[in-house]
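Chemist: Here's my sequence, what's the structure:
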Amino acid sequence: MKRPAVLAALGLSLFGPSAANAQSMTLTSADLKEGATIANEQVFNGFGCTGSNVSPALSWSGAPSGSKSFAVTMYDPGAPTGSGWWHWVAFNIPPATTSLPRGAGDAKKKLMPKGAIQARNDYGAFGYGGPCPPPGDKAHRYQITVFAVDVDKLPNAKNDAVSAALAGFDLNSHTLAKATLTGLYGR
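Modeler: Prediction:
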């Protein structure tokens with residue numbers, strides 16, 4: 001039997017979580033609907049934007065039974081940087097967690113579950129930094145993703161000084177399933 005067939009028989013994939021796991025996990029928000037415009041409450045306050053910079057409330061379900069922690073990211077793949085823009089990277093969220101309240105991305109408010117870490121975003125601040133695309137650009141896509149992770153702590157992302165790329169490296173190796181909610185924002 002060839003390797004892809006063996007992996008498929010085991011319910012695994014060369015490219016991350018199996019389709020069954022990916023389809024069973026869901027992510028919802030009372031503050032954001034799939035494909036809708038992101039509200040000013042979630043928009044960044046700076047760089048010429050005048051939002052409230054409040055992270056949206058998030059709820060997820062359907063994580064695989066082997067999940068030992070969760071991670072949440074918000075990413076703009078269309079930012080004019082050549083590498084996108086990381087708006088939020090939170091990880092080591094305890095496995096009993098199935099939601100984050102509105103504003104949990106404010107590291108100073110300490111609304112994240114005990115043990116969770118919020119890394120520096122691409123604005124240079126810890127926690128959530130909302131959308132703020134360049135004026136005149138078409139609406140950007142902001143992908144909020146929750147990851148079900150097979151380790152309680154990411155092995156290389158040890159603290160809040162970690163880069164989004166290194167946290168992403170760990171997540172790529174340890175994700176059991178994930179779900180994404182995409183919002184739009186332009187100015």
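
Chemist: Report how many residues lie close to the nearest residue to residue 153 once chain neighbours are set aside.
Modeler: Closest residue in space to residue 153, ignoring its immediate chain neighbours: residue 92 at 5.1 Å, by Cβ to Cβ, 6 or more residues apart in numbering. (Each C-beta comes from the backbone N, C-alpha and C, glycine too.) As a burial measure, residue 92 scores 23 neighbours (other Cβ atoms under 10 Å).

Chemist: Please settle this for me: is residue 92 part of a helix?
Modeler: No: going by DSSP: H, G, I helix; E, B strand; the rest coil, the assignment for residue 92 is strand, not a helix.

Chemist: Do you know the pLDDT at it?
Modeler: Here, the pLDDT recorded for residue 92 equals 98.

Chemist: could you point out where this structure is predicted with low confidence?
Modeler: Applying pLDDT under 70 to the chain flags the ranges 1-23.

Chemist: Select the longest helix from this structure.
Modeler: Across the chain, the longest stretch assigned as helix under DSSP state H is helix 164-174.

Chemist: Residues in contact with the next helix or strand after that helix: which ones?
Modeler: Using DSSP states H and E, the next helix or strand after helix 164-174 towards the C-terminus is strand 175-185. For strand 175-185, contacts defined as Cβ atoms under 8 Å, 6 or more residues apart in numbering pick out 16-17, 21-22, 24-29, 32-38, 42-43, 58, 60, 62-64, 66-67, 131, 133, 139-150.

Chemist: change it to 7 Å
Modeler: Under the criterion Cβ atoms under 7 Å, 6 or more residues apart in numbering, residues 16-17, 21-22, 24-27, 29, 32, 34-38, 43, 60, 63-64, 66-67, 131, 133, 139-150 lie in contact with strand 175-185.

Chemist: And these, which of them are buried?
Modeler: When these are checked for burial by 16 or more other Cβ atoms under 10 Å, the buried set is 17, 21-22, 24-25, 27, 29, 32, 38, 43, 60, 63, 67, 131, 133, 140, 142, 144-149.

Chemist: Pull out the buried residues from stretch 71-88.
Modeler: Those would be 71, 72, 73, 74, 75, 76, 79, 84, 85, 86, 87, 88, for stretch 71-88 by 16+ other Cβ under 10 Å.
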